[in-house]
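Peer 1: Everything below, folded, please.
(chains A and B)
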There are 2 protein chains.
Amino acid sequence: MHHSRLSNFVIDCQTQDLDAATAFWSQALGRAATPASPDSPTYRELAPRGDEPTLLLQRVDHPSRIHLDIESDDLDAEVERLEALGAKRIAYVKRWWVMEAPTGHRFCVVRPQSGPLEGRANVWDGEGR
Amino acid sequence: MHHSRLSNFVIDCQTQDLDAATAFWSQALGRAATPASPDSPTYRELAPRGDEPTLLLQRVDHPSRIHLDIESDDLDAEVERLEALGAKRIAYVKRWWVMEAPTGHRFCVVRPQSGPLEGRANVWDGEGR
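Peer 2: Below is the predicted model of the structure:
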């Protein structure tokens, strides 16, 4: 048995100026940006509301897009479940899997982002569901 | 004075089979899909949680991507506010504006999607903020 849920939307920005990108989206959406951290040169966070998926900005080299992340407490089981639904593994990067949906969208399967998922995520049994 | 807020994430799917695309994302995210409606041949909705942005699927002809929508009770004022932040108008389609962010992302400015925005959206005065 494992858990998973939609955890993040990531606004991937092909830019050398992540602070300018963050300023635009922060003002466009009316959400405060988490102050830049020297430990996170490629990420910024916009304030979420309630328990909704987190909204991140990421500096990337590929063309700008938005992708989503699924968080899970068992990466292997979750990736296998998604493969059974038709998704493909693209690459394991640092601590997460990059996958591609049958619809062509790239997305990531990441570890729990804010504590245990019990009680606030989907529960899947060992048969891939 | 007008209001706006992030209202929808739209998973744009370049596919002839929107039901198959919906089945994948419904199972991947563990969210029920709104039954197909003959009135909406190009849209499906995945069940939201609480007051979070709605998650839609749309059948499109361009390459698959995810875009976001900002809802507002004054389209003209909101589009002008976003232009002042650096976004550009691309086209007015049916009832909404397609815009492009300085980061290169296309997004839409749409009318209120689920009732009045007072009390649950950003408030902007007439000076563009």
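Peer 1: when you scan the longest helix seen in chain A, is anything in it near chain B?
Peer 2: Criterion DSSP state H: the longest helix present in chain A is helix A:18-29. Yes: looking at helix A:18-29 against chain B by CB under 8 Å from any CB of the partner chain, the contacts come from A:20, A:21, A:24, A:25, A:27, A:28, A:29. Placement of C-beta: from N, CA and C, glycine included.
Peer 1: hang on, isn't the third one packed against residue B:88?
Peer 2: No: Residue A:24 is not in contact with residue B:88 according to CB atoms under 8 Å; the separation is 11.9 Å.
Peer 1: Please say which of those two ends up with more neighbours.
Peer 2: residue A:24 (21 against 11; other CB atoms under 10 Å in any protein chain shown).
Peer 1: Could you tell me which of the residues of helix A:18-29 next to chain B count as buried?
Peer 2: With burial judged by 16 or more other CB atoms under 10 Å in any protein chain shown, the buried subset of those is A:21, A:24, A:25, A:27, A:28, A:29.
Peer 1: Given the longest strand belonging to chain A, what are its sheet partners and their directions?
Peer 2: Looking across chain A with DSSP state E, the single longest strand is strand A:2-14. When sheet partners are counted by DSSP bridges, strand A:2-14 sits next to strand A:54-60 (parallel), strand A:65-72 (antiparallel), strand A:122-124 (antiparallel).
Peer 1: Highest mean neighbour count out of these?
Peer 2: strand A:65-72 (a mean of 22; mean count of other CB atoms under 10 Å in any protein chain shown).
Peer 1: Report the rounded mean pLDDT for the longest strand of chain A.
Peer 2: Mean per-residue pLDDT for strand A:2-14: 96.
Peer 1: and it with helix A:18-29, angle?
Peer 2: Between strand A:2-14 and helix A:18-29, the angle comes out at 110 degrees (axes from the mean of the first three to the mean of the last three CA atoms, to 10 degrees).
Peer 1: from the chain's centre, how far out does strand A:2-14 sit?
Peer 2: Relative to its chain's centre, strand A:2-14 lies at 2 Å (CA atoms, centre = their mean, to the nearest Å).
Peer 1: With adjacent residues omitted, what lies nearest to the residue most central in space within chain A?
Peer 2: Note on chain A: the residue nearest the mean C-alpha position is residue A:69, at 2.7 Å, using CA atoms, centre = their mean. Closest residue to residue A:69 apart from its sequence neighbours, by CB to CB, 6 or more residues apart in numbering or on different chains: residue A:8 at 4.0 Å.
Peer 1: Now do the same contact list for the one you found.
Peer 2: A:53, A:54, A:55, A:56, A:68, A:69, A:71, A:110, A:113 (CB atoms under 8 Å, 6 or more residues apart in numbering or on different chains).
Peer 1: in the sheet, who's paired with the fourth one?
Peer 2: It refers to residue A:56. Applying DSSP bridges, one finds that residue A:56 bridges with residue A:10, residue A:45.
Peer 1: Kindly report the same for the fifth one.
Peer 2: Beta-bridge pairing of residue A:68 under DSSP bridges involves residue A:9.
Peer 1: I appreciate the help and will end here.
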